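Novice: everything below, folded, please.
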Amino acid sequence: MKISIVIPVYNVERYLANLLDSILKQTYNDFEVILVDDGSKDNSYKIMEDYSKKDNRIKIFKQKNSGPGIARKNGYMHAKGDLLFFVDSDDQLYDDKVLEKINEIFMNNNIDLLLFESKRNPDDGKRNRVIEKGNIEKGIHSISELDECVVEGCLWMKILKKEKFKEDFFIDANNFEDGYTTYKYLNECNYFYYLDEPLYIVNRLDENNSLTKTFSFEKAIRTVDIIIQINQFSKLKKSVELLALIYYMTYVRKIFTIKGNLEKKRELCKKLQQLGRILDNDAKKLCKEKFKRKAYYLYRVSRIFI
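Specialist: A predicted model of the protein is given here:
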């Protein structure tokens with residue numbers, strides 16, 4: 001099966017070559033790399049040009065700065081493969097067998113989705129889990145089993161079938177846009193395969209670029225809006241409720257711990273009121289069972305505060 005690796009690029013001149021080298025050394029060769037420059041101000045596009053001249057499987061495109069969601073959409077529109085692998089430009093593949101494993105799993109199993117783990121360092125024992133709050137074991141599962149879990153929104157821990165994917169799965173946003181895409185795609189799936197091993201290395205930049213995730217009240221408000229949208233269309237209602245609860249608790253903590261910004265706090269509180277409606281039925285029970293006493297206390301206090 002041909003694998004389309006779609007990569008939004010923004011100011012990653014120090015990391016891009018490492019990523020591309022990790023792809024080009026793969027033992028499985030039936031792939032294409034689609035690089036979309038999101039208005040970089042450094043030498044990222046020059047690196048893209050150099051690599052595209054070395055290997056004709058690398059296709060490069062350029063757009064004005066519009067965020068990773070639009071860059072992924074642009075890349076998807078040019079993809080010719082059977083499978084979609086959305087990769088962040090400051091990361092890399094775990095080893096030279098990654099694409100081979102992906103192809104083998106899809107060839108041997110009737111699935112719509114592959115979920116796998118990642119690491120921040122290949123020598124680090126810790127993994128970034130793609131599934132939280134659930135007991136999913138390695139192998140094939142019905143997509144309905146994810147309704148008892150929280151699925152990590154990041155697209156880079158998932159392989160998707162292009163025939164199941166649609167253009168309107170993307171959203172014009174700079175944060176949690178991949179979470180929206182994830183839950184849109186899950187609606188189209190019947191079965192998935194969970195691989196309990198890392199295929200991906202995550203490098204997070206400290207620099208000021210569109211891929212860096214730092215807290216701000218503006219981002220929090222937009223994220224809550226997106227979760228509310230997800231709840232409106234997702235078939236996995238319990239999963240979205242758990243997702244909403246996690247963000248609800250996170251942002252309540254921020255309201256109490258970050259000083260100042262009273263206007264923004266009030267605006268976020270109004271959004272949390274809307275998010276709280278998703279939790280009304282079983283929120284207290286979920287707080288007690290999933291997040292124990294501290295979170296339950298914050299939930300009670302926040303209801304008074306809001």
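
Novice: every contact and neighbour count from this point should use C-alpha atoms.
Specialist: Fine.

Novice: and the helices in the chain?
Specialist: According to DSSP state H, the chain carries its helices in the segments 16-24, 44-54, 68-78, 98-108, 177-186, 217-233, 237-257, 262-279, 283-305.

Novice: in CSV, list these along with distance to K158.
Specialist: Below are the helices of the chain laid out as CSV (distance: least, Cα to Cα, whole Å):
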stretch, distance to K158
helix 16-24, 16
helix 44-54, 24
helix 68-78, 14
helix 98-108, 10
helix 177-186, 9
helix 217-233, 18
helix 237-257, 17
helix 262-279, 26
helix 283-305, 25
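
Novice: among these, which gets the worst mean confidence?
Specialist: Lowest mean pLDDT within these: helix 283-305, a mean of 51.

Novice: what residue ranges in the stretch 51-200 of the chain score low on pLDDT?
Specialist: Along the stretch 51-200 of the chain, the model assigns pLDDT under 70 to residues 121-125, 133.

Novice: need the strands for it, in chain order.
Specialist: Along the stretch 51-200 of the chain, the segments classed as strands by DSSP state E, counting those that start in this stretch run 58-63, 83-86, 92-93, 113-119, 131-132, 139-142, 150-151, 158-161, 191-201.

Novice: which strands border the fifth one, and is each parallel or antiparallel?
Specialist: The partner list of strand 131-132 in its sheet, established with DSSP bridges, is strand 150-151 (antiparallel).

Novice: and the strand it pairs with, how far out from the chain middle?
Specialist: Distance, stretch centre to chain centre, for strand 150-151: 11 Å (Cα atoms, centre = their mean, to the nearest Å).

Novice: tell me, how many residues neighbour N65?
Specialist: 15 (other Cα atoms under 10 Å).

Novice: residue contacts, it?
Specialist: The contact partners of N65, taken as Cα atoms under 8 Å, 6 or more residues apart in numbering, are 38-40.

Novice: and E49, how far from G179?
Specialist: Using Cα to Cα, to the nearest Å, E49 is found at 30 Å from G179.

Novice: pick out whichever of these two has more residues nearby.
Specialist: The neighbour count for E49 versus G179, taken as other Cα under 10 Å, is higher for G179 (21 against 15).

Novice: so what's the residue count around the nearest residue to that one once chain neighbours are set aside?
Specialist: Leaving aside its sequence neighbours, G179 sits nearest to G153 (Cα to Cα, 6 or more residues apart in numbering; 3.9 Å). For G153, the neighbour count with other Cα under 10 Å is 19.

Novice: same question, I227
Specialist: Neighbours of I227 (other Cα under 10 Å): 21.

Novice: from A220, how far out is it?
Specialist: With Cα to Cα as the criterion, I227 and A220 are 11 Å apart.

Novice: for Y193, same thing?
Specialist: Taking Cα to Cα, one finds Y193 at 32 Å from A220.

Novice: tabulate the CA atom coordinates of stretch 95-113 in CSV.
Specialist: In CSV, the C-alpha atoms belonging to stretch 95-113 read as follows (Å, rounded to 0.1, in the frame of the first residue of the first chain):
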residue,chain,number,x,y,z
ASP,A,95,13.5,3.5,13.3
ASP,A,96,13.9,2.3,9.7
LYS,A,97,11.1,-0.3,10.0
VAL,A,98,8.2,2.1,10.7
LEU,A,99,6.6,2.2,7.3
GLU,A,100,7.2,-1.6,6.8
LYS,A,101,5.3,-2.3,10.0
ILE,A,102,2.5,0.1,9.0
ASN,A,103,2.0,-1.6,5.6
GLU,A,104,2.1,-5.1,7.1
ILE,A,105,-0.6,-4.3,9.6
PHE,A,106,-2.9,-2.8,7.0
MET,A,107,-2.3,-5.6,4.5
ASN,A,108,-3.0,-8.3,7.1
ASN,A,109,-6.0,-6.8,8.9
ASN,A,110,-9.4,-5.3,7.7
ILE,A,111,-9.0,-2.0,9.6
ASP,A,112,-9.7,1.7,9.0
LEU,A,113,-7.2,3.1,11.5
